[in-house]
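Asker: just a sequence and a predicted model for now, questions to come.
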Amino acid sequence: MGRPLPLVSLRAFAETGRLGSMKNAAETLGVTAGAVSQHVKLLEARLGMSLFERRNRELRLTSAGRRLLKPLTQSFARIEEAWALAERKRPGRDTLTVSTTASFAASWLVPRLGRFARRHPDIELRIETTSRLVDLRRDHVDVALRHGLGNYPGSVSIKFLCPQLVPLCSPKLLDRGPPVRAPRDCLAYPLLQESDRADWTLWLRSHGVVDPRASRGPSFTDDLLLVQAAVAGQGIALVRDIYGAEELASGRLVRVLELPWPMRFAYYIVMQPDRARQRKIAAFRTWLMDEARRP
């Protein structure tokens, strides 16, 4: 019998070749980029040939790498399909794996899950949080909840929640500062920005205000951090209304103006076309639509 196959190294190579980046491959595999690089080097040493050309930080497959990549990715895909089938056939309760972002899970999804459990006690939910796009089939995800325009090639997507951008701040900050009677008055306060620094500019422009100060202020990569900064009195946050609901109800935040801006983006239920009608997926989809209609 020959030497055992270096399966871990082969998977590291396959993901790097598929994604064109060791960093992206590392994120997919849940390891460091250094670990992926080491596995690729070990594979190249064992084969006695280079699989990638490294030019100016850009990776390109060699001819040997291209010959290896296609059958390897096809083989891993078949293994994953067999494993997913085995998991679905195991006895006991149905497990439904849902992928979404941490902020959406914490602020909207998780507080409602008790109602799903009472309606479907035979379905066990598994919530995974990540900001990256997932491959439903490869990552063994039944449903992804994503914020965007609904364009997810190879998948079925259904719009279920349309949040609005609203300006929120601490009542203490508003009490000791100048009054805010119109959108332009928000510029007298620090503006708390999302990571792209685009929301304030677009929101003010939609209300007839064009000002370079709209893009200034500290930025945050997560909506929940943005809300917490507003609670701490650091400025006015422009956030999706679903993220500030709890703080508004408790009085820790107040609406600065009753001028929401309907967002072009929405939350979508994303599914594999051939599995969208599975009982557990259909049950979760119906429940989500019901929850989105709740006041």
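Answerer: In hand now; what should we look at?

Asker: may I see the buried residues of the strand or helix carrying Gln38?
Answerer: Assessed by DSSP states H and E, Gln38 sits inside helix 33-47. Residues of helix 33-47 classed as buried: Ala35, Val36, Ser37, His39, Val40, Leu43, Glu44 (neighbour count, 16 or more other C-beta atoms under 10 Å). Bear in mind the C-beta positions are built from the backbone N, C-alpha and C, glycine included.

Asker: same for the longest helix seen in the chain, what does it pack against?
Answerer: When the chain is parsed with DSSP state H, its longest helix is helix 63-89. Judged by 3 or more C-beta pairs under 8 Å, 6 or more residues apart in numbering; DSSP states H and E, the packing partners of helix 63-89 are helix 7-19.

Asker: quick check: buried residues in the helix it packs on?
Answerer: Residues Ser9, Leu10, Arg11, Ala12, Phe13, Ala14, Glu15, Thr16, Gly17, Arg18 are the ones in helix 7-19 that count as buried (16+ other C-beta under 10 Å).

Asker: which residues sit against the helix or strand just after it?
Answerer: Next along the chain after helix 7-19, taking DSSP H and E as the criterion, comes helix 22-29. Outside of helix 22-29, the residues within contact range by C-beta atoms under 8 Å, 6 or more residues apart in numbering are 11-12, 15-16, 18-19, 32-33, 35-37, 40, 59, 132.

Asker: so among those residues, where is pLDDT lowest?
Answerer: pLDDT across the contacts of helix 22-29 is at its lowest for Arg132, which sits at 73.

Asker: in which helix or strand would I find that one?
Answerer: Here Arg132 is assigned to no helix or strand, by DSSP H and E.

Asker: skipping adjacent residues, who's closest to it in space?
Answerer: Counting by C-beta to C-beta, 6 or more residues apart in numbering, Glu27 is the residue found nearest to Arg132 once chain neighbours are left out, at 6.3 Å.

Asker: can you count the residues close to the one you found?
Answerer: A total of 18 residues lie near Glu27 under the criterion other C-beta atoms under 10 Å.

Asker: turn the buried residues of helix 33-47 into JSON lines, columns for distance to Ala292.
Answerer: Output for those, formatted as JSON lines (distance: C-beta to C-beta, whole Å):
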{"residue": "Ala35", "distance to Ala292": "41"}
{"residue": "Val36", "distance to Ala292": "39"}
{"residue": "Ser37", "distance to Ala292": "44"}
{"residue": "His39", "distance to Ala292": "43"}
{"residue": "Val40", "distance to Ala292": "44"}
{"residue": "Leu43", "distance to Ala292": "47"}
{"residue": "Glu44", "distance to Ala292": "50"}
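
Asker: from those, which is closest to Arg197?
Answerer: Arg197 lies nearest to Val36 out of the buried residues of helix 33-47, by C-beta to C-beta, at 31.9 Å.

Asker: give me every residue that touches that closest one.
Answerer: Contacts of Val36 by C-beta under 8 Å, 6+ apart are Ala12, Glu15, Thr16, Met22, Ala25, Ala26, Leu29.

Asker: change it to 6 Å
Answerer: By C-beta atoms under 6 Å, 6 or more residues apart in numbering, the contact list for Val36 reads Ala12, Met22, Ala25, Ala26.

Asker: and these, which are buried?
Answerer: So, by 16+ other C-beta under 10 Å, the buried ones in those are Ala12, Met22, Ala25, Ala26.

Asker: do you know the pLDDT at the last one?
Answerer: Looking at Ala26, its pLDDT stands at 80.

Asker: ok, Ser75 to Leu68 distance?
Answerer: Distance of Ser75 to Leu68, computed by C-beta to C-beta, to the nearest Å: 11 Å.

Asker: so which of these two has more stuff around it?
Answerer: Between Ser75 and Leu68, Leu68 has the larger neighbour count (other C-beta under 10 Å), namely 20 against 12.

Asker: what's the burial count for Thr28?
Answerer: Around Thr28 there are 21 other residues, counting by other C-beta under 10 Å.

Asker: quick one, helices of the chain?
Answerer: According to DSSP H, the helices that the chain contains are 7-19, 22-29, 33-47, 63-89, 102-104, 113-119, 171-175, 199-206, 223-231, 245-250, 279-293.
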